[in-house]
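Student: Need coordinates for the following:
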Amino acid sequence: MFNVLMVYFLIVFIYLIIEYRKDQKNFTVKMLIAFFCPFIGLIILYFMFHHIKNEERSIPDGLIKKGEEQTEILRMVDVEKETSIVPMKDALLLNDHQTKRKMLLDILKNDTFHHIGILQSALENDDTETSHYAATAIQDIKGKLQNSIRQLEYQIEKQPDDVDVLISFSQVIKQYLNTGYLDERTKKQYSYRYSQILGKVIEAVPQEKKYYIEKINCDLQLGELETAEKYSQLFLKFCANEEEAYFMAMKLYYSLKNQMKFKEVLQMLRDSSVRLSPQGLNKIRFWLHGDTNGY
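Tutor: Purely as a prediction, here's the structure:
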């Protein structure tokens, strides 16, 4: 009997070596069954794992095709590109030079007008080629905007009261100013032109609050405080139900260091029927109690 067991264990040993070389999966289970179930262990192993292998080999074609289709779909999706949530400005700082250049070239293939902030960041990048791409793109944008300005100026000469043309002109000038890196003289020249056009737009559509906000901010930057106050009063007159009208007046009087007028506007807002937004409430708390959530 002892000799028979020795022969069995020798066969098991050879079998396990072969199985280990073929596939290490489930090797421990195989070894335990073979050694602790003499004679019938090999039979159990044969039926257990031979059956599993046959099942793996007999996977329906339909399922294999589905697996291939899913792999193809994943291959088509640029996982790295789609899952990237790092803001572009940060990415331009963190990535290697080759990746920066590729990212910037991808941006340049699209609408560069909407990526002017990224281009401005790239302009200061330590990689000279990246900054060169950005500088070229910004110059191209400026050239296109200057052409648009000339065309719109010509249209305004022909149709000085056309509101759509005036609005388009104001937007183009704003974009030109936002390109940055303008010399002070050019910036001031276009800022005054922007303010002038906004004044005409407000005359045509006095209920549109966004143009008041743009004009008052522009006049404050230019130091045209009397003009800013004039349009602030018009803003309160025509948009009395808008919280921004009060906050722009408060901003103006804060800049003028006119405490009495500032408090008057604040009280007007508190007495009005204006429903404040959460941001508006934070600003009120700031002005009343010095809460740091205001502006």
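Student: hey, let's count contacts and neighbours off CA atoms from now on
Tutor: Noted.
Student: Now do the buried residues in stretch 204-222.
Tutor: Across stretch 204-222, burial judged by 16 or more other C-alpha atoms under 10 Å covers 206-207, 209, 211-213, 215-220.
Student: In helices, which of those fall?
Tutor: Per DSSP state H, helices hold the following members of the buried residues of stretch 204-222: 209, 211-213, 215-220.
Student: Okay, now the unreliable bits of the chain?
Tutor: The chain contains residues with pLDDT under 70 at 1-10, 12-13, 15-117, 121-127, 130, 133, 290-295.
Student: and after the longest helix that it contains, which helix or strand comes next?
Tutor: Determined from DSSP H, the single longest helix within the chain is helix 128-158. Going down the chain from helix 128-158, the next helix or strand is helix 163-178, by DSSP states H and E.
Student: quick one: buried residues of that next one?
Tutor: Here helix 163-178 shows 163, 165-167, 169-177 as buried, counting by 16+ other C-alpha under 10 Å.
Student: tilt between whichever helix or strand comes after that helix and helix 163-178?
Tutor: Downstream of helix 163-178, the next assigned helix or strand under DSSP H and E is helix 184-204. Relative orientation of helix 184-204 with respect to helix 163-178: 150 degrees, computed using axes from the mean of the first three to the mean of the last three C-alpha atoms, to 10 degrees.
Student: sorry, back to before: can you add distance to residue 243 and give the ones in helices among the buried residues of stretch 204-222 back as TSV?
Tutor: Converted to TSV, those look like this (distance: C-alpha to C-alpha, whole Å):
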residue	distance to residue 243
209	10
211	15
212	13
213	12
215	17
216	15
217	16
218	19
219	20
220	19
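Student: and which of these is nearest to residue 132?
Tutor: Distance to residue 132, by C-alpha to C-alpha, is smallest for residue 218 among those, at 31.1 Å.
Student: show me what contacts the nearest residue to the closest one once chain neighbours are set aside?
Tutor: Using C-alpha to C-alpha, 6 or more residues apart in numbering and skipping the chain neighbours, the partner closest in space to residue 218 is residue 195 (6.4 Å). For residue 195, the contacting residues are 215, 218-219, by C-alpha atoms under 8 Å, 6 or more residues apart in numbering.
Student: hmm, try it at 10 Å
Tutor: The contact partners of residue 195, taken as C-alpha atoms under 10 Å, 6 or more residues apart in numbering, are 170, 173, 201, 211, 214-219, 222, 227.
Student: Repeat that for residue 164.
Tutor: For residue 164, counting by C-alpha under 10 Å, 6+ apart, the contacting residues are 170, 201.
Student: Next, count neighbours for the spatially closest residue to residue 219 that is not a sequence neighbour.
Tutor: Distances taken as C-alpha to C-alpha, 6+ apart place residue 228 nearest to residue 219, at 5.4 Å, with adjacent residues excluded. Residue 228 is flanked by 24 other residues according to other C-alpha atoms under 10 Å.
Student: what do you get for residue 180?
Tutor: 14.
Student: could you check the distance from it over to residue 174?
Tutor: Going from residue 180 to residue 174 by C-alpha to C-alpha, to the nearest Å gives 11 Å.
Student: go on, residue 252?
Tutor: Residue 252 is 21 Å from residue 174, by C-alpha to C-alpha.
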